[in-house]
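Engineer: fold the stuff below for me.
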Amino acid sequence: MTVESVKPAAPGGAQAPVLREPPLAGGAVPLLGHGLKLVRDPLAFMSRLREHGDVVRLRLGPKTVYAVTTPALTGALALSPDFKIDGPLWESLEGLLGKEGVATANGPRHRRQRRTIQPAFRLDAIPAYGPIMEEEAHALTTRWRPGETVDCTSESFRVAVRIAARCLLRGEYMDERAERLCNALAVVFQGMYRRMVVPLGPLYRLPLPANREFNRALADLHLLVDEIIAERRASGQKPDDLLTALLEAQDENGEPIGEQEIHDQVVAILTPGSETVASTIMWLLQALAEQPEHADKIREEVESVTGGRPVAFEDVRKLRHTNNVVVEAMRLRPAVWILTRRAVTDTSLGDYRIPAGADIVYSPYAIQRDPHSYPEHLDFDPDRWLPERAKEVPKYAMSPFSVGNRKCPSDHFSMAQLTLVTAAVATKYRFEQVPGSDDATRVGITLRPQRLLLRPVLR
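Structural biologist: Just a heads-up that it's a prediction; the model follows:
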């Protein structure tokens, strides 16, 4: 199904269909609306919404929000100029991402920022990062000791932050900062999610323990970014990397971009990217422990490609099953599980009327687990991404990096490092969960395991 078929034009003067108001989802409570359900069990709540319609209304405090539940309409939403990046998610993220970075900007500023950062993520630029990705992936495996417990949260953040910092910001000695980033983002993204679904405004400014913890974590994230920028300026060096491009970028008038925009751009590069990649690595490690048959297939595939030498960046494109394991892990456990947009004009989605200014929400988690789109939708089945089967997946039912002009610019960069890390660890180790490990899903703006502890065992 194409986007055009979702919202067809009326043929030859025929009267356009009468647009309807979307139905209201059940279960709202006074004052909080559906916010309570979105706090208590958000994944189950969003996954059930399609039972009520293709578009349904939600109440979040005093606000009405429209939830889109089908792949076709999420594609239409992402590609239509009638909607922009905005709404509860982005409002909650502004404290972290600011208003001047590529993640939250719209219109001409967003297009200009994309032009600045895109060269770093071109397909032909990715191989230059290969040696760093290889070094960090193999360092991860040599750092672990067989039989000792690995804290997958800190280790996943360490490798994700170090790859991003060394490739894009030419930053060294990032272990301590990776630990700070890991701890702070866990607090910040969970607090931002609460602020999104239960918008209590002034109550979040009260000096309560949870608010103080949130504010300390947020301040440390911004301090970390300021340290990185200050160190580069003090060095006087101008390596060919993304940070240099930002420091030398110009605005629409040919003037250097402002300090706040530079700060917000580095935040957008380092924090959401590291959080999403690290969360995916955690889920991949969990999958290797829970699905040993696929871990074995990865090892066999790597050895057939490499002949026994350490896996390298140049091998990534040949590792089809490994890549499919990564994609299937992202399908079932997407790091970014909820997204929002805002209507800029009176418009429609499908047969439903959407008023100007309305906030729209949709869940990649729900879309990617929908039984309408996937046979055996809860099974971990990497082979569903084999070419002959992948063509059966409806369009927009799997868009881990989004689509349109908001597509993540680092999609190829992220897939390369995820595939390489997965291949390196699965080739050397099999994994066992240990007492105290908790792989239940921790819900914030992103999804990650609560506390994943694994024991690596040499193969």
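Engineer: which stretches of the chain form strands?
Structural biologist: Secondary structure of the chain by DSSP state E: the strands cover 55-60, 63-68, 83-85, 150-151, 339-343, 347-349, 352-354, 359-362, 429-433, 438-443, 447-451, 453-458.
Engineer: what's the closest of these to V277?
Structural biologist: Closest to V277 of the strands of the chain is strand 447-451 (C-beta to C-beta; 11.2 Å). C-beta coordinates here come from the backbone N, C-alpha and C atoms, glycine included.
Engineer: quick one: buried residues of the closest one?
Structural biologist: L447, R448, P449 (16 or more other C-beta atoms under 10 Å).
Engineer: got the contact list for H263?
Structural biologist: G98, H222, V225, D226, I229 (C-beta atoms under 8 Å, 6 or more residues apart in numbering).
Engineer: inside helices: which ones of those?
Structural biologist: Judged by DSSP state H, the subset of the contacts of H263 located in helices is H222, V225, D226, I229.
Engineer: could you list everything the most centrally placed residue in the chain pairs with in the sheet?
Structural biologist: The residue lying closest to the centre of the chain (C-alpha atoms, centre = their mean) is V336, at 3.8 Å. Per DSSP bridges, the residues bridged to V336 are T446.
Engineer: and it, what does it touch?
Structural biologist: Here V336 is in contact with T276, P364, I445, T446 (C-beta under 8 Å, 6+ apart).
Engineer: what is the neighbour count of the residue lying closest to the first one once chain neighbours are set aside?
Structural biologist: Spelled out, it's T276. Among residues not flanking T276 along the chain, A335 sits closest, at 3.9 Å (C-beta to C-beta, 6 or more residues apart in numbering). Other residues near A335 number 23, with proximity taken as other C-beta atoms under 10 Å.
Engineer: A335 and S279 touch, don't they?
Structural biologist: Yes. With contact defined as C-beta atoms under 8 Å, A335 and S279 form a contacting pair (4.0 Å).
Engineer: that older thread, and the gap between the residue nearest to the centre of the chain and R299?
Structural biologist: 30 Å (C-beta to C-beta, to the nearest Å).
Engineer: and V225, how many neighbours?
Structural biologist: V225, neighbours per other C-beta under 10 Å, totals 23.
Engineer: I would like the residues contacting stretch 51-65, please.
Structural biologist: Contacts for stretch 51-65 (C-beta under 8 Å, 6+ apart): 21-26, 28, 31-35, 38, 49, 66-70, 73, 87-88, 196-200, 340, 349-352, 354, 358-361.
Engineer: can we see that at 7 Å?
Structural biologist: Contacts with stretch 51-65, where a contact means C-beta atoms under 7 Å, 6 or more residues apart in numbering, come from 22-25, 28, 32-35, 49, 66-70, 73, 88, 197-199, 349-350, 352, 359, 361.
Engineer: repeat that for stretch 383-402.
Structural biologist: 1, 71-72, 74-75, 78, 324, 327-328, 330-331, 334, 367-368, 370, 373, 403, 407-408, 411.
Engineer: what's the answer for stretch 343-361, then?
Structural biologist: With C-beta under 7 Å, 6+ apart as the test, stretch 343-361 has contacts from 6-7, 17, 19-22, 54-55, 63, 65-68, 73, 76-77, 82-84, 87-88, 338, 340-342.
Engineer: output stretch 249-261 as CSV, restricted to C-alpha atoms.
Structural biologist: Extracted as CSV, the C-alpha positions of stretch 249-261 are listed here (Å, rounded to 0.1, in the frame of the first residue of the first chain):
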residue,chain,number,x,y,z
ALA,A,249,29.1,26.0,9.9
GLN,A,250,27.2,29.1,8.8
ASP,A,251,23.6,30.1,9.0
GLU,A,252,21.3,31.2,6.2
ASN,A,253,22.9,34.7,6.2
GLY,A,254,26.5,33.4,6.0
GLU,A,255,27.2,34.1,9.6
PRO,A,256,28.7,31.5,12.0
ILE,A,257,26.0,29.5,13.8
GLY,A,258,25.4,30.4,17.4
GLU,A,259,26.9,28.7,20.5
GLN,A,260,23.5,27.4,21.5
GLU,A,261,23.0,25.7,18.2
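Engineer: buried set for that stretch?
Structural biologist: Buried-residue list, stretch 249-261, by 16+ other C-beta under 10 Å: A249, I257, E261.
Engineer: circling back to that earlier point, of the contacts of H263, grab the buried ones for PyMOL.
Structural biologist: Buried residues within those, by 16+ other C-beta under 10 Å, are selected in PyMOL with:
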select buried, resi 98+222+225+229
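Engineer: among the contacts of H263, which one sits closest to V311?
Structural biologist: When the contacts of H263 are compared against V311 (criterion: C-beta to C-beta), the nearest one is V225, at 32.5 Å.
Engineer: distance check, the closest one against A120.
Structural biologist: 17 Å.
Engineer: same check on I445?
Structural biologist: Here the criterion is C-beta to C-beta. By it, I445 lies 24 Å from A120.
Engineer: of those two, which one has the most company?
Structural biologist: Legend: neighbour count by other C-beta under 10 Å for I445 and A120, higher for I445 (25 against 22).
Engineer: report pLDDT for the more buried one.
Structural biologist: Here the pLDDT value assigned to I445 is 80.
Engineer: and it, what does it touch?
Structural biologist: L93, F189, M192, Y193.
Engineer: can you give me phi and psi for it?
Structural biologist: phi -60, psi -30 (degrees, to the nearest 10).
Engineer: for it, give its distance to L284.
Structural biologist: 20 Å.
Engineer: same check, this time on G350
Structural biologist: G350 is 35 Å from L284, by C-beta to C-beta.
Engineer: got it, and R299?
Structural biologist: The gap separating R299 from L284 is 14 Å, by C-beta to C-beta.
Engineer: and those two? Which one has more around it.
Structural biologist: L284 (25 against 18).
Engineer: what's the span of stretch 142-162, first residue to last?
Structural biologist: 16 Å (C-alpha to C-alpha, to the nearest Å).
Engineer: quick one: buried residues of that stretch?
Structural biologist: In stretch 142-162, the ones that count as buried by 16+ other C-beta under 10 Å are 144, 149-150, 152-153, 155-162.
Engineer: touching it from outside, list them.
Structural biologist: So stretch 142-162 is contacted by 136, 140, 174-175, 177-179, 181-182, 274, 277-278, 281-282, 285, 421, 434, 451-458 (C-beta under 7 Å, 6+ apart).
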